[in-house]
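[1] what follows is a predicted protein model with its sequence.
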Amino acid sequence: MTLSLHILLPLVAFFVSLYTVMRVARYRSDPVASSFLVLMAALAVWSLAVGLEHASVELPAKVFWLKMSYFGILSVPPLWVVLTVRYVRADRWLTRRALVLMSIIPAITFVMVWTNDVHHLMWRDIWLDTSFSPPVDDVTHGAWFWFQAVYSYLLVIFGTLVLAREFGRETGVHRKWVGIMLLAALVPWAANLLYITPVSVFQVLDPTPLAFVITGLVFSLGLFRLRLFNIMPVAHEAVFSHMSDGVVVLDTDGVVVELNPAAESIIGLHRAEAIGRAYGSVLPALAGRLEFTSEYTDSQFGVSLGDGDATRHFTVSPSSIVGKGQFNGCLLLLHDDTERVRTESAVRERIRLEAELLERQRSEQLLRASEAKYRNLVQNAGSGILVSDAHGHILTANRAALSIFRYATEEEIAAASAMQFFVNADDVKRLLEPIGQTGMAKGFEAPMRRRDGDAFWASLNAIVQITESGERQYLVIVDDATARKHAERELAASRQNLRLLAQRLEEAREDERTSLARELHDQIGQTFTAIRMDLGRVVRRLGPDEQEAKALLDGITQMVDEGTNDVRRISSELRPGALDDLGLAGALEFYLEQTGPRAGFDFTFDSDGELSGLDASRSTALFRVFQELVTNVVRHSGADRVDVSLGHSGNDCVLTVSDNGCGIDTNEANNSRSLGIVGMKERLLPYDGELHFQGEPGKGTTARVIMPLAHT
């Protein structure tokens, strides 16, 4: 080796790099400082190898140190990228896959450097140029050298662009620091331009290592002058890393870019596992609950993580990260509120239990008061109340029950069985049947027996009740219905007598009408006939000159004819002869034929023929009701069509009269106090007949008469 001016710059670069490494080594725990430390160490290796290369005299030694310099040459561009990316806190880009891919070409190049004698892709030729003093080595570069050079330039450009992007986003001291780094990053580019230009001093010596060292020196001076290594790491360690609350930093896409140890403990993931993942996969409880906008207004909310007793409760306070008016991401502060939530929950539970205890005491007091009130009501009730078990043994009885069955005390009636109170054993089965189906029996009446053997009618209401132990009991309310039963019998007998009386009156009325109709038809009709015959003889005896007398007699004859017709009509209304001659169906149809044209309505009549079981009185009653119905249609409905049907349904005769008139309200018709409707119902009453109306305003009315047929 020999000393020359050529080794001066590399040695300066080496010692500056080594000094920088020593100064920065104490901050190696910081990711940015550690990256910068490795970068400066690589530059020191590069500079030392270049210096030894120029100090060597023989070509083999120069070639050896040339190859050794590639330890630094190949390491500096990737390390530059790592440094810039870590500085802007974009560690999510530095995945294992990205680092491996970025190192593939340098690794291949390093192998090709040491195997160049085989393929000559790095240098086609290496020789010793003796035109310089001392001599220097010179090379002819191969294809892979230029490929590696382009790749290295791209990495350096990428790192520089990362700094330029950060410069545009930051403000204040950070912007100044990024600006210094960006300016220093341009020095290697300037040095490389000097190396490739025909400047004599740099034709032999490549100033690029020294330029990178100058860049590193500027970086270190800026770091120390701005105290970024002294202040920022300490602040990060003291404020960020040692915070008891979890802190998670998200970018604008919701991807985790940083988190502190407290957050690692909360989410159960290491920092390296969480960075680069969407926040919804790291904290599923927050998925979809964040809005990535420039402002958060009162967006604090609570979440629970974990299951069972291990559940922890956190208050999440999101806030936006804004630089130069631009939204750059979101910061989540996770405050552990587990103790507070558990304390509040315990307090609420205690309050609830105390309130429940007070409510239970109040309920017990109300229950005791209610039971006392219930016992008082039961004991003083006017109806007898009995409670028996499923086997009929009397458990309790009130005063009214003791009085009804003539027992002195509850103990006496408890010795009896409920079965012995029934006169007929079948009544017990009839009572239990509805109880078994619905759990109750209402209005059950049966003859029962008192203690002394006297029978009486009892009205029973029974219900099944289940005790707390699951036992089935019967609660029975007993009323003495003997007096009511006697009153009902008397009322039924009175109704029957009234029906018989009404029937007898109606029959007497029909007999009188029949007799009167016959008298009118036979006596007055014969008288009118005789008068008409005498008038005819008188007219025939008048001469041709007595026209005035003839006209007078013709008028008298016409009045006699009208009187005859009136007698026939009145006689028919009193007792229609068609009812006796044609039967009920024929009489109905005949009446429609006579009334329809005169009243101005069309009609239809449908009949099953004469019905057996319709005696004269029933036929007459149906005909009279039919007359009244048709009269009501003519007077009130304004109908132009009437449909009549006569048939039977089972043991009943059914007469239906329908019209298309104005219609009548069904409820009003069925509950009407109209004398006409009342009269029709009274006429049907002796025969247990019924009259029902169904109508709708504007759509007509249908009257339905149902009369049981007489038993033959």
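    Happy to help now that I have it. Numbers count the residues shown, from 1 in each chain.
[2] could I get the average pLDDT for the helix or strand that contains residue 551?
    In this assignment (DSSP states H and E), residue 551 forms part of helix 547-574. The average pLDDT for helix 547-574 rounds to 76.
[3] ok, now stretch 643-659?
    89.
[4] buried residues in it?
    Within stretch 643-659, the residues scored as buried using 16 or more other C-beta atoms under 10 Å are 643-646, 648, 652-659. Placement of C-beta: from N, CA and C, glycine included.
[5] and the residues you listed as JSON lines, adding secondary structure and distance to residue 634?
    What follows is these, written out as JSON lines (DSSP: H, G, I helix; E, B strand; the rest coil; distance: C-beta to C-beta, whole Å):
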{"residue": "643", "secondary structure": "strand", "distance to residue 634": "15"}
{"residue": "644", "secondary structure": "strand", "distance to residue 634": "14"}
{"residue": "645", "secondary structure": "strand", "distance to residue 634": "19"}
{"residue": "646", "secondary structure": "strand", "distance to residue 634": "20"}
{"residue": "648", "secondary structure": "strand", "distance to residue 634": "27"}
{"residue": "652", "secondary structure": "strand", "distance to residue 634": "27"}
{"residue": "653", "secondary structure": "strand", "distance to residue 634": "24"}
{"residue": "654", "secondary structure": "strand", "distance to residue 634": "23"}
{"residue": "655", "secondary structure": "strand", "distance to residue 634": "18"}
{"residue": "656", "secondary structure": "strand", "distance to residue 634": "18"}
{"residue": "657", "secondary structure": "strand", "distance to residue 634": "12"}
{"residue": "658", "secondary structure": "strand", "distance to residue 634": "14"}
{"residue": "659", "secondary structure": "strand", "distance to residue 634": "10"}
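[6] between those residues, which sits nearest residue 166?
    Using C-beta to C-beta, residue 658 comes nearest to residue 166 of the buried residues of stretch 643-659, at 96.9 Å.
[7] looks to me like residue 463 is in a strand.
    Yes - according to DSSP: H, G, I helix; E, B strand; the rest coil, the state of residue 463 is that of a strand.
[8] that one touches residue 475, doesn't it?
    Yes - the pair residue 463 / residue 475 is scored as a contact, 5.3 Å apart, by C-beta atoms under 8 Å.
[9] so which bits of whichever strand or helix holds residue 532 are buried?
    Assigned by DSSP H and E, residue 532 falls within helix 525-541. Judged by neighbour count (16+ other C-beta under 10 Å), helix 525-541 contains these buried residues: 525, 528, 531, 532, 539.
[10] kindly report the same for stretch 434-441.
    For stretch 434-441, burial by neighbour count (16+ other C-beta under 10 Å) applies to 435, 441.
[11] distance between it and the chain's centre?
    Put simply, stretch 434-441 sits 38 Å off its chain's centre (C-alpha atoms, centre = their mean, to the nearest Å).
[12] need the contact partners of that stretch.
    Stretch 434-441 is touched from outside by 431, 444, 460, 461, 462, 463, 464, 474, with contacts defined as C-beta atoms under 8 Å, 6 or more residues apart in numbering.
[13] buried subset of those?
    By neighbour count, with 16+ other C-beta under 10 Å, the contacts of stretch 434-441 hold 431, 444, 460, 461, 462, 474 as buried.
[14] would JSON lines of these with distance to residue 401 and pLDDT be doable?
    Converted to JSON lines, the buried ones among the contacts of stretch 434-441 look like this (distance: C-beta to C-beta, whole Å; pLDDT from 0 to 100):
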{"residue": "431", "distance to residue 401": "16", "pLDDT": "87"}
{"residue": "444", "distance to residue 401": "16", "pLDDT": "88"}
{"residue": "460", "distance to residue 401": "12", "pLDDT": "89"}
{"residue": "461", "distance to residue 401": "13", "pLDDT": "90"}
{"residue": "462", "distance to residue 401": "13", "pLDDT": "89"}
{"residue": "474", "distance to residue 401": "13", "pLDDT": "88"}
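[15] for these, which two are the farthest from each other?
    444 and 474 (12.2 Å).
[16] what do these two both touch?
    residue 462.
[17] for residue 334, list each beta-bridge partner.
    Using DSSP bridges, the beta-bridge partners of residue 334 come out as residue 246, residue 316.
[18] would you turn the buried residues of stretch 643-659 into JSON lines with distance to residue 505?
    Formatted as JSON lines, the buried residues of stretch 643-659 follow (distance: C-beta to C-beta, whole Å):
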{"residue": "643", "distance to residue 505": "33"}
{"residue": "644", "distance to residue 505": "28"}
{"residue": "645", "distance to residue 505": "30"}
{"residue": "646", "distance to residue 505": "26"}
{"residue": "648", "distance to residue 505": "28"}
{"residue": "652", "distance to residue 505": "24"}
{"residue": "653", "distance to residue 505": "22"}
{"residue": "654", "distance to residue 505": "26"}
{"residue": "655", "distance to residue 505": "22"}
{"residue": "656", "distance to residue 505": "28"}
{"residue": "657", "distance to residue 505": "25"}
{"residue": "658", "distance to residue 505": "31"}
{"residue": "659", "distance to residue 505": "31"}
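[19] just give me the closest of those residues to residue 388.
    residue 652 (44.6 Å).
[20] other SSEs contacting the one helix or strand residue 620 maps to?
    Element membership for residue 620 (DSSP H and E) is helix 616-632. Packing partners of helix 616-632 (3 or more C-beta pairs under 8 Å, 6 or more residues apart in numbering; DSSP states H and E): helix 482-519, helix 577-581, helix 583-599, strand 652-659, helix 675-684, strand 701-708.
[21] mind putting those into CSV with distance to residue 69?
    Listed next are these as CSV, based on distance: least, C-beta to C-beta, whole Å:
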stretch, distance to residue 69
helix 482-519, 127
helix 577-581, 142
helix 583-599, 132
strand 652-659, 121
helix 675-684, 127
strand 701-708, 119
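[22] could you tell me the least trusted of the ones you listed?
    Out of the helices and strands packed on helix 616-632, helix 577-581 stands lowest, with a mean of 66 (criterion: mean pLDDT).
[23] follow-up on the earlier one: got the angle for the helix holding residue 620 vs strand 652-659?
    Relative orientation of helix 616-632 with respect to strand 652-659: 10 degrees, computed using axes from the mean of the first three to the mean of the last three C-alpha atoms, to 10 degrees.
[24] ok, residues contacting helix 616-632?
    Outside of helix 616-632, the residues within contact range by C-beta under 8 Å, 6+ apart are 503, 506-507, 510, 576, 579, 583-584, 587-588, 591-592, 595, 614, 642, 644, 653, 655, 657, 676, 679-680, 683-684, 686-687, 689, 691, 703, 705, 707, 709-710.
[25] and it, which residues are buried?
    618-630, 632.
[26] looks like residue 341 contacts residue 314 (just checking).
    No - in this structure residue 341 lies outside contact range of residue 314 using C-beta under 8 Å: 9.3 Å.
[27] more crowded one of these two?
    Higher neighbour count among residue 341 and residue 314: residue 314, with 24 against 17, using other C-beta atoms under 10 Å.
[28] OK, contacts around the more buried one?
    246, 266, 302, 303, 304, 305, 334, 335, 336, 337, 338.
[29] find the centremost residue of the chain, please.
    Nearest residue to the geometric centre of the chain (C-alpha atoms, centre = their mean): residue 288, 21.3 Å.
[30] now it. Nearest residue, chain neighbours left out?
    Spatially, and ignoring its direct neighbours in sequence, residue 288 is nearest to residue 280 (7.0 Å; C-beta to C-beta, 6 or more residues apart in numbering).
[31] got a list of what the one you found touches?
    Each residue near residue 280 by C-beta under 8 Å, 6+ apart is listed here: 254, 286, 287, 288.
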